[in-house]
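Asker: next comes the sequence, and after it the predicted model I'd like to discuss.
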Amino acid sequence: MSNSAAGTSSKTRAASSQPSEPSSKRRRGVFQRELQHMMYGFGDDPNPLPESVALLDDIVVEYITELVHKAQDIGSQRGKLSVEDFLYLIRKDAPKLNRCTELLSMNEELKQARKLFDHDEENLKKAYDDDTADG
Amino acid sequence: MKQSKDPFEAAFEESPPESPIETEPDPDADTEIPISNSLISQPIHTNEEDNHVKNTTSINTAITTKNNNKDDEEDEEEDNMDVELAKFPTAGDPHKMAKMQAILSQFTEEQMSRYESFRRAGFQKANMKRLLASITGSQKISIPITIAVSGIAKVFVGEVVETARTIMKERKESGPIRPCHLREAHRRLKLEGKIFKRTTSRLF
């Protein structure tokens, strides 16, 4: 068990070659509060152990780091990170892919709805201004 | 009561949302049981139906842990539960909606609280943005990328936690998840290939 722990932490340190939070101690607080609720939602105790939360925090950060590095490798030709890179990386993983596409399409819907709402508001305002100008 | 929008909807706003999760213990938790009936009248969010694996597993996990958990420390607040579950973005599938209604109506209080946590929990957009910026080294991370990575990470957490629970059942242990379970779960997911390896090809 200690081997995998050492392996995980060394991987985290190796992966974060970018100038970022230097000490691994600060990383523990990155997702702590949200992770507690998430772990409870997925089946853990209502009060998860702090060391479990810390370990899961490190695991998630390492996973995201790997994901982003791979996406950068893929999208390096374009020079910029794009969502398609991530979608390509998780193509084999059905739950993640479905969840991602669903979230993105909901985001699009919300954007459209908001645009429509602003547009309607503008029209209403214009109509009101015209009325007051005529009267 | 005037409440913030559904956290999923709020999370997609341009401006970062306030965290909808509060950790104050709710003394009125017992009075929230009849909420499930009022929820049924609202269109049901079929978010989980698309991920059949995740949905079934999470509900089974909830039922399993209901039998395992003997402690009653329910710190989750349930004030916003009816509002949160009521404002589903409609997917417009009547079959799935009916299925979800049937399932939700039979939830016990603990299951409902756990389901609420499952739905509401999510990574903060600001934190995720900062983390992504520090990893990539560039300052501009677009919003869709943040949303996508948050979703991926949440599903990943779910996989790890559920695998850890399965391991605990195999070892016939109970109580909170311990780091050894998480490490074993991580190792198993790696064997399945769900976790990206550092180097793609090794000699042996």
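Answerer: Okay, I see it.

Asker: which secondary element of the chain has the worst mean pLDDT?
Answerer: Answering for chain A, as no chain was given. Using mean pLDDT, DSSP states H and E, the weakest-scoring helix or strand in chain A turns out to be helix A:2-15, at a mean of 47.

Asker: not quite, go with chain B.
Answerer: Between all helices and strands in chain B, the lowest mean by mean pLDDT, DSSP H and E belongs to helix B:35-40, at a mean of 40.

Asker: now the helices for chain A?
Answerer: Under the criterion DSSP state H, helices of chain A are mapped to A:2-15, A:24-27, A:32-42, A:50-75, A:83-89, A:94-134.

Asker: quick one: the helices in chain B?
Answerer: Using DSSP H, the helices found in chain B span residues B:7-11, B:35-40, B:52-68, B:81-86, B:94-105, B:109-120, B:125-136, B:143-171, B:179-192.

Asker: the fifth one near chain A at all?
Answerer: Yep, that's helix B:94-105 we're talking about. No. Helix B:94-105 stays clear of chain A (CB under 8 Å from any CB of the partner chain), getting no nearer than 12.8 Å. (C-beta placed from N, C-alpha, C; glycine too.)

Asker: quick check: domain ranges of chain A?
Answerer: The record's domain parsing of chain A by automatic domain parsing lists A:29-89, A:93-135.

Asker: tell me which of those domains is the most buried.
Answerer: Among these, the stretch with the highest mean neighbour count (mean count of other CB atoms under 10 Å in any protein chain shown) is domain A:29-89, at a mean of 20.

Asker: does that domain come close to chain B?
Answerer: Yes. Legend: contact between domain A:29-89 and chain B by CB under 8 Å from any CB is shown at A:30-31, A:33-35, A:37-49, A:51-52, A:55-56, A:59-61, A:63-70, A:72, A:81-83, A:86-87, A:89.

Asker: mean confidence (pLDDT) on that domain, please.
Answerer: In this model, domain A:29-89 has a mean pLDDT of 87.

Asker: ends of that domain, how far apart?
Answerer: 27 Å (CA to CA, to the nearest Å).

Asker: now stretch B:129-148
Answerer: Terminal residues of stretch B:129-148 are spaced 11 Å apart (CA to CA).

Asker: can you give me the buried ones in it?
Answerer: Buried positions in stretch B:129-148, judged by neighbour count with 16 or more other CB atoms under 10 Å in any protein chain shown: B:129, B:131-132, B:134-136, B:141, B:144-148.

Asker: close to chain A, is it?
Answerer: Yes. For stretch B:129-148 and chain A, the contact criterion (CB under 8 Å from any CB) is met by B:131-132, B:134-138, B:141-145, B:147-148.

Asker: and that stretch, what's its mean pLDDT?
Answerer: When pLDDT is averaged over stretch B:129-148, the result is 88.

Asker: cool, and stretch B:185-193?
Answerer: Averaged across stretch B:185-193, pLDDT comes to 90.

Asker: does any bit of that stretch sit next to chain A?
Answerer: Yes. Interface with chain A: stretch B:185-193 contributes B:186-187 (CB under 8 Å from any CB).

Asker: mind listing residues that contact that stretch?
Answerer: Here stretch B:185-193 makes contact (CB atoms under 8 Å, 6 or more residues apart in numbering or on different chains) with A:4, A:8, A:59, B:159-161, B:163-164, B:166-167, B:195, B:197.

Asker: I'd like those as CSV, with distance to A:L103 appended.
Answerer: Formatted as CSV, the entries for those read as follows, by distance: CB to CB, whole Å:
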residue, distance to A:L103
A:S4, 31
A:T8, 28
A:I59, 22
B:E159, 17
B:V160, 20
B:V161, 20
B:T163, 23
B:A164, 25
B:T166, 26
B:I167, 29
B:I195, 21
B:K197, 26
